[in-house]
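Undergrad: predicted coordinates and the sequence they were generated for:
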Amino acid sequence: MGLLNKIDFVRDEIKDIPDVDKKPSGGIGSFGSRVGYAISLGFKEKEIIFFGLLQWASIGIGYLLWVQMLDWIPEEVWKSSAESDEGSIADWILLAWSFVCVGVAAFPVGILTGCMGAAHFLHKQGRESTVAACLQLVLPQSWPLWSFHWIDGWITVNQILARLPKKNGRRNPVLSEALYYAWKLGVSGVLPSIVTGNNIIKSGKNSVIFVKDNFLEVAKLRAGYSALCWIVGIGAYIGAILLFKVVDFVPKGDEIYGHIYTFYFWAAVPILIAVAIIMLLLRPIYVLALCHLYSDHLNEKGEAVDLPDNPPKSISAIVAFGCLCVILAVVYLYRIELGVVEMLSVPYGQEY
């Protein structure tokens, strides 16, 4: 969270641009114009599709891991949450679990997205792009890639949850969406900057300069990507409704509170189909297009991308990721002994 406070200047810098909240027209067309380059590079460097598949698997595992805690919460606690406006210790435990699950998924997603960017830069320099070459270039940047994708993933998850229907409605949705859009626009150049050897703070500063210098192009590309993701997301939402109408997974009425886990578990079907479309088709195009724009931006400024032939090895982030996975495994396997299930059983409005 401290790192988030240090890098949120990218959002503040971008949101002050006049009319930044007015998404430019022609976004999908601009996004579509980038398809040719991405597809041609994908055919030449087939590891890009491999990276996309692994990203999809990472997100799927992270989601299914998150869902497990929902099964640990008793039915009476779910019922009390609907009847009470007060919080519960279960909220804090589920929040912490969610944050860690996002972090576990963020490590492979960050490394693999970085590898997509590395494939572009290696191709640009006429160097051989392989899975091993991309990993060799990206792994030394594990910490900034992981940190950035953890922060970005957490912001994205919170925004998705904020969009879901709520009992008391949503607070100031226009401002929320404007700030989210400013963040996403502001960090457009962070990934390519990290891949080219910069830390996360320096990459945030480079990203602000990149976006301001290429505002219309970047804004159109982001708007097109966002619009297509919205379409896929709406399709997933409709798919979930149809799935639960056709297959009677969850009882109706009050009995639904005992089947929250079942609902979210089977919702993984339309969600992961949507994620597959994004990770295998839309996101590679977006990432490669941003890297292409970033390369042109550096060329215009007379700055060369100097990719090291033998980058230094870095294992500290991998060790930290391994420790995080061990912590999750311990909580999952020993949830009763650690008292996690007991704490999750405290109804809303009551103290532990």
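TA: That came in fine, so what should we check first? Numbers count the residues shown, from 1 in each chain.
Undergrad: distance of Ala289 from Ile111?
TA: Remark: distance between Ala289 and Ile111 (Cβ to Cβ, to the nearest Å) = 20 Å. (Each C-beta comes from the backbone N, C-alpha and C, glycine too.)
Undergrad: these two touch, right, Phe121 and Ile194?
TA: No - using Cβ atoms under 8 Å, Phe121 makes no contact with Ile194, being 11.5 Å away.
Undergrad: more neighbours: the two, which one.
TA: Applying other Cβ atoms under 10 Å to Phe121 and Ile194 shows that Ile194 carries more neighbours, namely 28 against 20.
Undergrad: how about the contacts made by that one?
TA: By Cβ atoms under 8 Å, 6 or more residues apart in numbering, the contact set of Ile194 is 114, 141, 144-145, 148, 200, 203.
Undergrad: and the furthest pair within the residues you listed?
TA: Farthest pair in these (Cβ to Cβ) is Gly114 and Ile200. Separation: 12.3 Å.
Undergrad: higher neighbour count, these two?
TA: Neighbour count, other Cβ under 10 Å: between Gly114 and Ile200, Gly114 has more, with 28 against 21.
Undergrad: the helix or strand hosting the more buried one packs against which elements?
TA: Element membership of Gly114 [criterion: DSSP states H and E] is helix 89-124. For helix 89-124, the elements it packs on are helix 35-44, helix 47-70, helix 131-138, helix 142-163, helix 190-195, helix 283-300, helix 316-333, helix 340-344, judged by 3 or more Cβ pairs under 8 Å, 6 or more residues apart in numbering; DSSP states H and E.
Undergrad: weakest of these in terms of mean pLDDT?
TA: Of all those, the minimum mean pLDDT falls on helix 35-44 (a mean of 76).
Undergrad: name the residues that touch that one?
TA: 48-49, 119-120, 123, 284-285, 288-289, 292.
Undergrad: out of these, which are buried?
TA: 48, 119-120, 123, 284-285, 288-289, 292 (16 or more other Cβ atoms under 10 Å).
Undergrad: can you tell me the centre-most residue of the chain?
TA: Nearest residue to the geometric centre of the chain (Cα atoms, centre = their mean): Gly153, 3.4 Å.
Undergrad: that residue and Pro108 touch, don't they?
TA: No - counting by Cβ under 8 Å, Gly153 sits too far from Pro108 to count as a contact (11.4 Å).
Undergrad: what sits closest to Pro270 if chain neighbours are left out?
TA: Spatially, and ignoring its direct neighbours in sequence, Pro270 is nearest to Gly239 (3.5 Å; Cβ to Cβ, 6 or more residues apart in numbering).
Undergrad: which element is the one you found on?
TA: Taking DSSP H and E as the criterion, Gly239 maps to helix 215-246.
Undergrad: likewise Glu303?
TA: Per DSSP H and E: Glu303 is located in neither a helix nor a strand.
Undergrad: distance-wise, check it relative to Phe210.
TA: Glu303 is 11 Å from Phe210, by Cβ to Cβ.
Undergrad: more neighbours: which of those two?
TA: Set Glu303 next to Phe210 and count neighbours by other Cβ under 10 Å: Phe210 wins out with 24 against 11.
Undergrad: number of nearby residues for Leu185?
TA: 24.
Undergrad: contact partners for it?
TA: Contacts of Leu185 (Cβ under 8 Å, 6+ apart): 14, 20, 211, 218-219, 222.
Undergrad: please report how far it lies from Asp152.
TA: In terms of Cβ to Cβ, Leu185 sits 12 Å off from Asp152.
Undergrad: and for Leu65?
TA: For Leu65, the distance to Asp152 equals 19 Å [Cβ to Cβ].
Undergrad: looking at these two, which is more packed in?
TA: Asp152 (21 against 17).
Undergrad: so who does the closest residue to that one other than its chain neighbours touch?
TA: Leaving aside its sequence neighbours, Asp152 sits nearest to Val187 (Cβ to Cβ, 6+ apart; 6.5 Å). Listed by Cβ under 8 Å, 6+ apart, the contact partners of Val187 are 10, 148, 152, 204, 207.
Undergrad: need phi/psi at Val187.
TA: When read as degrees, to the nearest 10, the backbone of Val187 gives phi -90, psi 10.
Undergrad: return the set of buried residues in the host helix or strand of Val174.
TA: Element membership for Val174, per DSSP H and E: helix 173-186. Within helix 173-186, the residues scored as buried using 16+ other Cβ under 10 Å are 179-186.
Undergrad: and what of stretch 204-216?
TA: By 16+ other Cβ under 10 Å, the buried positions in stretch 204-216 come out as 204-208, 210-211, 214.
Undergrad: can you get me a residue count around Ala105?
TA: Applying other Cβ under 10 Å, I find that Ala105 has 24 neighbouring residues.
Undergrad: tell me the confidence at it?
TA: 96.
Undergrad: I'd assumed Asp152 was in contact with it.
TA: No - contact criterion Cβ under 8 Å: Ala105 and Asp152 do not qualify, at 11.6 Å.
Undergrad: confidence-wise, which of the contacts of Leu185 comes last?
TA: Val20 (66).
Undergrad: show me the contacts for Val211.
TA: Contact partners of Val211, counting by Cβ under 8 Å, 6+ apart, are 14, 185-186, 188-189, 218.
Undergrad: if we can go back for a sec, looking at the buried residues of stretch 204-216, which are in strands?
TA: Under the assignment DSSP state E, the buried residues of stretch 204-216 contribute nothing to strands.
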